[in-house]
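In: with the input below, show me the fold.
(chains A and B)
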Amino acid sequence: MTITHHLSEPLVMAYAAGTLPEAFSLVVATHISLCDECRARLGAHEALGGAILDAVLDAKDAAAPASLAPDSLAATIARIKAMDRTPPTPPRPPRTGLFPAPLRDYAGDGPEAVKWRRVGGGVRQAILPTGRGATVRLLHIPAGSSVPDHGHRGTELTLVLQGAFRDDSARFGPGDLEIADQSVEHTPVAEAGPDCICLAATDAPLRFNALLPRIAQRFLRI
Amino acid sequence: MTERAGAQDDWNDLMMRIRDDRDMAAFADVFRHYGPRVKGFLMKSGAGSALAEELTQDVMATVWHKANQFDPERAGVATWIFTIARNRRIDALRKSRRPEPEDLPWGPEPEPDQADAISLQQETRRLGAALAALPKAQRDLIERAYFGDLSHSEIAAETGLPLGTIKSRLRLALEKLRHKMS
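Out: Residues are numbered from 1 along each chain as shown, chains lettered A, B, ... in the order given. You can find the predicted model right below:
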């Protein structure tokens, strides 16, 4: 898999710091599952988190240590002894379908396990259940079809899992991530070949330019 | 106990003794160094003192229980404990799930490569030194991004700086760190 469109620096940092909404974290974790380069960048950012934790800092620093309760160590050892009887969680089984492990936890092994809903123009989607702050959905776009022309109020992340799409600026194939902010107005078109399957997260409703999709939007929850 | 901050190889040694020998004295040393740091991290994320204490004990008990997953070739002790504390925070304070990347297909190597672990320790030491050498304002911004449980736009709201300024300052601070590392 040759990936040319990667996570941005602020996205890697926010995922390492743990401040992204769940929907964005799902897209980031799925991309990292496919992309060794971004996995290494995540490692570097987590090392920075560790360095901050380890640094000797003055009390005014954001990362200053806090004093523990007097019996803290004893209480922790008691906790350890109580937990000794709980069985360890088994490791995740290896991938069998199209979806990497983080996505599989939300949507099953692959597209055949997804409960798709038609949204017009042959496009199908499935909204995945996540916490507040952003939403994420799977999109199935038949080869050669387009997603209705839209702009954004917030940020939209689109990760290609199968097939490819093109928009005004570039081509996005498997593993590629498109990051579109509110300045982007685009009409992604799926290439010929296998149907295009994407994982897309947004932190604000999409803004469609044509009237019909705008009405449809209320029902599609995108 | 003597202050051993920055002596990453010592912490790695202690963590290996916890992992391989289930050494409770080594755990007590790791606890005294990292426990207060984890608690500070959780309080900066908005936990009150009692909840932060509770979660810290939980994080440190997890350090003991998941010690078999500690791999000094992949991450130093501080990094590894940071990720455990971060995940506990997301779970307990944000009440949200954290999707984790797939494990690497090749898994832990059967014969650990000492050289990899040592070079990672050296990198980590240099990162710590580079961080300490940053101007206070830049270091503060990075610390807030990791420790405050704040998104970049929330940092903007808190500091009164425009979001674009926060983002460009963070980028500058990271570039400076990279420059010091190379």
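
In: which residue would be the closest one in chain A to chain B?
Out: Nearest to chain B, among the residues of chain A, is residue A:50, at 3.2 Å (C-beta to the nearest C-beta). For glycine as for every other residue, the C-beta is placed from the backbone atoms N, C-alpha and C.

In: how is chain B carved up into domains?
Out: Using automatic domain parsing, the domain parsing of chain B gives B:3-97, B:128-181.

In: what about the shortest one, how long is it end to end?
Out: What it means is domain B:128-181. The straight-line separation of the ends of domain B:128-181 (C-alpha to C-alpha, to the nearest Å) is 10 Å.

In: check contacts around the residue nearest in space to the middle of chain A.
Out: Geometric centre of chain A, nearest residue: residue A:27, 1.3 Å, by C-alpha atoms, centre = their mean. Neighbouring residues of residue A:27 by C-beta atoms under 8 Å, 6 or more residues apart in numbering or on different chains: A:136, A:157, A:159, A:177, A:199-201.

In: what distance separates whichever strand or helix holds it from the centre of its chain?
Out: Assigned by DSSP states H and E, residue A:27 belongs to helix A:22-34. How far helix A:22-34 lies from its chain's middle: 3 Å, per C-alpha atoms, centre = their mean, to the nearest Å.

In: ok, stretch B:47-59 next?
Out: 16 Å.

In: that one close to chain A?
Out: Yes - Stretch B:47-59 is in contact with chain A by C-beta under 8 Å from any C-beta of the partner chain, via B:49, B:52-53, B:56-58.

In: name the residue most distant from the centre of chain A?
Out: Chain A, farthest from centre, C-alpha atoms, centre = their mean: residue A:70 at 41.4 Å.

In: could you look up the SS state of that one?
Out: Assigned by DSSP: H, G, I helix; E, B strand; the rest coil, the conformation of residue A:70 is coil.

In: mind checking what helix or strand follows the helix or strand bottoming out on mean pLDDT in chain B in sequence?
Out: For chain B, counting by mean pLDDT, DSSP states H and E, helix B:152-159 ranks last in confidence among helices and strands (a mean of 73). Using DSSP H and E, the helix or strand that follows helix B:152-159 towards the C-terminus is helix B:163-181.

In: excluding chain neighbours, what is closest to residue A:127?
Out: Spatial nearest neighbour of residue A:127, chain neighbours left out: residue A:137 (4.6 Å); criterion: C-beta to C-beta, 6 or more residues apart in numbering or on different chains.

In: quick one, grab the pLDDT at the closest residue to residue B:156 other than its chain neighbours.
Out: Nearest residue to residue B:156 in three dimensions, chain neighbours excluded: residue B:163, at 4.3 Å (C-beta to C-beta, 6+ apart). Per-residue pLDDT puts residue B:163 at 74.

In: just list the residues touching residue B:163, thanks.
Out: So residue B:163 contacts B:152-153, B:156 (C-beta under 8 Å, 6+ apart).

In: filter the residues of stretch B:47-59 next to chain A to the buried ones?
Out: Listed as buried from the residues of stretch B:47-59 next to chain A are B:52-53, B:56-58; burial here means 16 or more other C-beta atoms under 10 Å in any protein chain shown.

In: would you turn the residues you listed into JSON lines with pLDDT, secondary structure and distance to residue B:103?
Out: Below are these laid out as JSON lines (pLDDT from 0 to 100; DSSP: H, G, I helix; E, B strand; the rest coil; distance: C-beta to C-beta, whole Å):
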{"residue": "B:52", "pLDDT": "95", "secondary structure": "helix", "distance to residue B:103": "30"}
{"residue": "B:53", "pLDDT": "97", "secondary structure": "helix", "distance to residue B:103": "32"}
{"residue": "B:56", "pLDDT": "97", "secondary structure": "helix", "distance to residue B:103": "27"}
{"residue": "B:57", "pLDDT": "97", "secondary structure": "helix", "distance to residue B:103": "27"}
{"residue": "B:58", "pLDDT": "96", "secondary structure": "helix", "distance to residue B:103": "23"}
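
In: closest one to residue B:102 out of those, please.
Out: For these, the minimum distance to residue B:102 (C-beta to C-beta) is 25.8 Å, reached by residue B:58.

In: per-residue confidence at the residue of chain A closest to chain B?
Out: On the pLDDT scale, residue A:50 gets 91.

In: Three-state assignment for it, please.
Out: Residue A:50 - assigned by three-state DSSP - is helix.

In: now do the phi/psi pair for residue A:179.
Out: phi -110, psi 110 (degrees, to the nearest 10).
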